[in-house]
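J.: Structure for this input, please:
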Amino acid sequence: MNRDHRRRPLIGITSYQDEAAWAVWRQRASLVPQTYVDAVARAGGTPVLLPPQPGGVGHLLDALDGLVLAGGPDIDPARYAAAAGPHTGPPHRARDDWENDLLLGALERDLPLLGVCRGMQLLNVALGGTLLQHLPERSHQIVPAGFVRHRVDVLDGSRIAAVLGPAADVSCYHHQAVARLGTGLTATAHSADGTVEALELPGRRFALGVQWHPETDPDDLRLFQALSTAALATTSHRETAR
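T.: Below is the predicted model:
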């Protein structure tokens, strides 16, 4: 094995379980948009898919150098002690349980992590925060499978400001948003309507969440590169400890 390739950090990416079609088949599958895989690989990491499964969280996290919590369906409102609103999708409890365990385990190990859209919301909920279950129509989600481009303003002095600068033009697709912040989290970016667009957990090597979808922008890999750089420190530490 090429030595340089071996040093690429292993970045886990959480995945969907849904019905999919290929060739003559149509059946339930574990999958994730290729844009996540491409973004991690192009940013210097080796992507590893993490479909929902019973157990094995600790073993997996001990092998990984970083974690991406991917976007996806609405989080079960029962996780933040709320009833489901009329616009909230059906719960995906197996995925919620799996990703919550991965997230808490990563935080316990101070494993670098990046939450994307649902992933940022899960970070907030896991730390005791709540979600706004439906934003005004035609604000952050206008047409099915169509991203909305808008500007976000970034908090000066934050970790994400060090990566993106004072503002960024981003692609979003979501109908829910952060309401009450989870314990220890700081909102570090907002859109013009006041929606929280980024969260971070101070005091960690790299624990960020963004409401937008950076994986859809192949010309701007800065967030994934920052994750990969932080994860590389995990790789180097493990090699030194051997």
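
J.: use CA for all of it now, contacts and neighbours both
T.: Will do.

J.: So for stretch 173-186, mean pLDDT?
T.: Averaging pLDDT along stretch 173-186 gives 96.

J.: List the buried residues for it?
T.: For stretch 173-186, a neighbour-count test (16 or more other C-alpha atoms under 10 Å) marks Tyr173, His174, His175, Gln176, Ala177, Val178, Ala179, Leu181, Gly182, Leu185, Thr186 as buried.

J.: want to try a markdown table for these, with distance to Gly56 and secondary structure as columns?
T.: As requested, the buried residues of stretch 173-186 are exported to a markdown table (distance: C-alpha to C-alpha, whole Å; DSSP: H, G, I helix; E, B strand; the rest coil):
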| residue | distance to Gly56 | secondary structure |
| --- | --- | --- |
| Tyr173 | 31 | coil |
| His174 | 30 | coil |
| His175 | 32 | coil |
| Gln176 | 30 | coil |
| Ala177 | 30 | strand |
| Val178 | 29 | strand |
| Ala179 | 32 | coil |
| Leu181 | 29 | coil |
| Gly182 | 26 | coil |
| Leu185 | 27 | coil |
| Thr186 | 30 | strand |
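
J.: Closest to Gly66 out of these?
T.: Comparing those against Gly66 with C-alpha to C-alpha places Leu185 closest, at 19.3 Å.

J.: Which residues are in contact with that closest one?
T.: Contacts for Leu185 were tallied using C-alpha atoms under 8 Å, 6 or more residues apart in numbering; they are Asn124, Leu199, Glu200, Leu201, Pro202.

J.: ok, now with 10 Å
T.: Residues in contact with Leu185, defined by C-alpha atoms under 10 Å, 6 or more residues apart in numbering, are Leu123, Asn124, Leu127, Gly128, Gly129, Leu199, Glu200, Leu201, Pro202, Ala207, Leu208.

J.: Point out where this structure drops to low pLDDT.
T.: 1-6, 235-242 (pLDDT under 70).

J.: so where do the strands sit in it?
T.: 10-14, 16-22, 25-31, 46-50, 66-69, 113-116, 131-132, 148-154, 167-172, 177-178, 186-191, 196-200, 207-210 (DSSP state E).

J.: Rebuild the ones you listed as TSV, extending it with distance to Ala233.
T.: Formatted as TSV, those follow (distance: least, C-alpha to C-alpha, whole Å):
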stretch	distance to Ala233
strand 10-14	11
strand 16-22	28
strand 25-31	28
strand 46-50	14
strand 66-69	10
strand 113-116	13
strand 131-132	33
strand 148-154	26
strand 167-172	27
strand 177-178	30
strand 186-191	24
strand 196-200	19
strand 207-210	14
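
J.: looking at the ones you listed, which is closest to Phe224?
T.: So among the strands of the chain, strand 113-116 is nearest, using C-alpha to C-alpha, at 8.2 Å.

J.: That closest one - contacts with which helices or strands?
T.: Secondary-structure packing of strand 113-116 (3 or more C-alpha pairs under 10 Å, 6 or more residues apart in numbering; DSSP states H and E): strand 10-14, strand 66-69, helix 93-109, helix 118-126, strand 196-200, strand 207-210, helix 222-241.

J.: which residues does the residue positioned nearest the centre of the chain form a beta bridge with?
T.: Centroid-nearest residue in the chain: Gly115, 2.1 Å away (criterion: C-alpha atoms, centre = their mean). Beta bridges link Gly115 to Leu69, Gly209, judged by DSSP bridges.

J.: got a list of what it touches?
T.: Counting by C-alpha under 10 Å, 6+ apart, Gly115 touches 13-14, 67-71, 103, 121-124, 198-200, 207-213.

J.: Equivalent analysis for Leu114, please.
T.: 13, 66-70, 103, 120, 123, 199-200, 206-210, 223-224, 226-227.
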